[in-house]
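# build me a structure from this.
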Amino acid sequence: MRQVSDVERRYRLARRHALASGHRADGPESATRAMTVLHATEAPSVYLSLWARVEGLTIDDVDRALYEDRTLVKQLAMRRTLFVFPRDLLPAAWGSASARVAAAHRVRLAKDVELGGLATDGAAWVDAAEAATLAHLSGGAEFSAQQLREAVPELAGRIEMSPGKSYGGNIPIAPRVLTQLGVEAKIVRGRNGGHWRTARPQWTAMESWLCPDGGDLPEPAKEREGYAELVRRWLVTFGPGTEADIVWWLGSTKGAVRAALADVGAVEVGLEGGATGWLLADDSEDDTEEDNEVDTWAALLPVLDPTVMGWKERDFYLGAHGPMLFDTNGNVGTTAWWDGRIVGCWVQDPDGVVVLNLLEDVGADARSALEAEAARLTAWLAGHRVSTVYPSIAMKQALSP
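Numbering: from 1, shown residues only. I've put the predicted structure just below:
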């Protein structure tokens, strides 16, 4: 069995994730394809993940791909998470990961409609609310969630969730319906109605968004075929990885992952520490450290960057820093990388200047390179401060007086 060391895995990461100098992507589309998908839970992460991988990237470059050419599309999928997908990968997700989330979400939504007192037949109510929303979005119309709530009576309701509980409350039903329609790929988050650092999507019909000149949307892939394509692309981006890595990333079952690995002809490899990983059989990457060597590199990645969120088992690049950088739900804050390893994080001071918080002594050369990246990012942000709901302990530490 081929053996893949942690050093080789870090070399592969440097090149395949377009992070090392000389291996950057030439635009938003190629950078997204390199990562399979981008995390889009927080709007700024999309822009900052692309900034780290594309030389000379501008805000307009990202907006063009998302909202004009529509070569990159936002879609709720794996683990009920919002991602930016390359357009051609959407059918694979629609038929597999998104369909799995949609089925579970529909059951919960119908039950909550009944428990919340909106209707005695929750499933029928959901169907009617979807139909009314889609009718309002016909013909290519684009509306914010607020505008839809005002125009569609079914979306104006509220439900009481978990009465008497600290996490309960009276909540609007509209976001739940829009989420259901979105994960079903019936509607899509179109143009952003706010600054690039905020998420204020204009919702529109998926068919109108992707086929503005007519024509039909591609059919969702069959479930097994969809999972196989997602796993194939994951292996190209993140391989080698363990079965547990793929199950976690895909948000599916071991059975679905094992079937996908068989369908793509993946082969077992040994990982440092004794675990078994998987690679595509035709992955011809040389396995010697000498052949895989790249120049030392520094990178500053945003909250929920796909590189950090690609694996469940992260010791080969994370070391002992996990508790300082991840919250208890597995969400990662900002990260500072040196030569294939996370060595700290970054924040912005009140003036918008990017400030490093290094968690280990990296040496003068590494610190200088990371400070240069911090200065480059400060200039690119041009005084705009990026907020997050996922600050890590290390980020809070850096921001404390």
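# okay, and for the chain, where does confidence drop off?
Applying pLDDT under 70 to the chain flags the ranges 167, 284-293.
# can you give the domain ranges for this protein?
Using automatic domain parsing, the domain parsing of the chain gives 3-70+222-291, 97-210, 296-399.
# what's stretch 149-162 in contact with?
112-113, 115-118, 125, 128-129, 132-133, 136, 143, 148, 168-174, 177-178 (C-beta atoms under 8 Å, 6 or more residues apart in numbering). (Glycine included, C-beta is placed from N, CA and C.)
# and residue 88, which of the domains of the chain is closest to it?
domain 3-70+222-291 (8.9 Å; C-beta to C-beta).
# quick one: the strands in the stretch 251-400 of the chain?
266-271, 276-280, 298-301, 335-338, 341-348, 354-358 (DSSP state E, counting those that start in this stretch).
# okay, these, which one's buried deepest?
Each of those was scored by mean neighbour count; the highest is strand 335-338, a mean of 26, by mean count of other C-beta atoms under 10 Å.
# residues in contact with it?
19, 296-301, 305, 308, 317, 325, 342-346, 356-358, 362, 366, 369-370.
# quick revisit: a markdown table for the strands of the stretch 251-400 of the chain, including distance to residue 390?
What follows is the strands of the stretch 251-400 of the chain, written out as a markdown table (distance: least, C-beta to C-beta, whole Å):
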| stretch | distance to residue 390 |
| --- | --- |
| strand 266-271 | 28 |
| strand 276-280 | 28 |
| strand 298-301 | 13 |
| strand 335-338 | 12 |
| strand 341-348 | 11 |
| strand 354-358 | 15 |
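# and residue 40, which of the ones you listed is closest to it?
Across the strands of the stretch 251-400 of the chain, closest to residue 40 is strand 298-301 (C-beta to C-beta), at 14.7 Å.
# tell me the gap between the closest one and the middle of its chain.
17 Å (C-alpha atoms, centre = their mean, to the nearest Å).
# the residue lying closest to residue 258 once chain neighbours are set aside: neighbour count?
Spatially, and ignoring its direct neighbours in sequence, residue 258 is nearest to residue 243 (7.2 Å; C-beta to C-beta, 6 or more residues apart in numbering). Using other C-beta atoms under 10 Å, residue 243 has 17 other residues around it.
# which residues sit in contact with residue 243?
254, 257-258, 261, 276, 278.
# just residue 18 next, same as before
24-25, 30-31, 34-35, 53-54.
# who wins for most neighbours among these?
residue 53 (28 neighbours).
# just checking, it touches residue 27?
No - using C-beta atoms under 8 Å, residue 53 is not in contact with residue 27; the gap is 9.7 Å.
# stretch 204-222: end-to-end distance?
End-to-end distance of stretch 204-222 (C-alpha to C-alpha, to the nearest Å): 25 Å.
# buried ones in it, by neighbour count?
Buried residues in stretch 204-222, counted by 16 or more other C-beta atoms under 10 Å: 204-210, 217, 220-221.
# check the offset of it from the chain's centre.
For stretch 204-222 - counting by C-alpha atoms, centre = their mean - the centre lies 22 Å from the chain centre.
# what are the contacting residues of that stretch?
Counting by C-beta under 8 Å, 6+ apart, 70, 73, 87, 90-92, 94-96, 99, 134, 137-143, 185-188, 190, 226, 229 sit against stretch 204-222.
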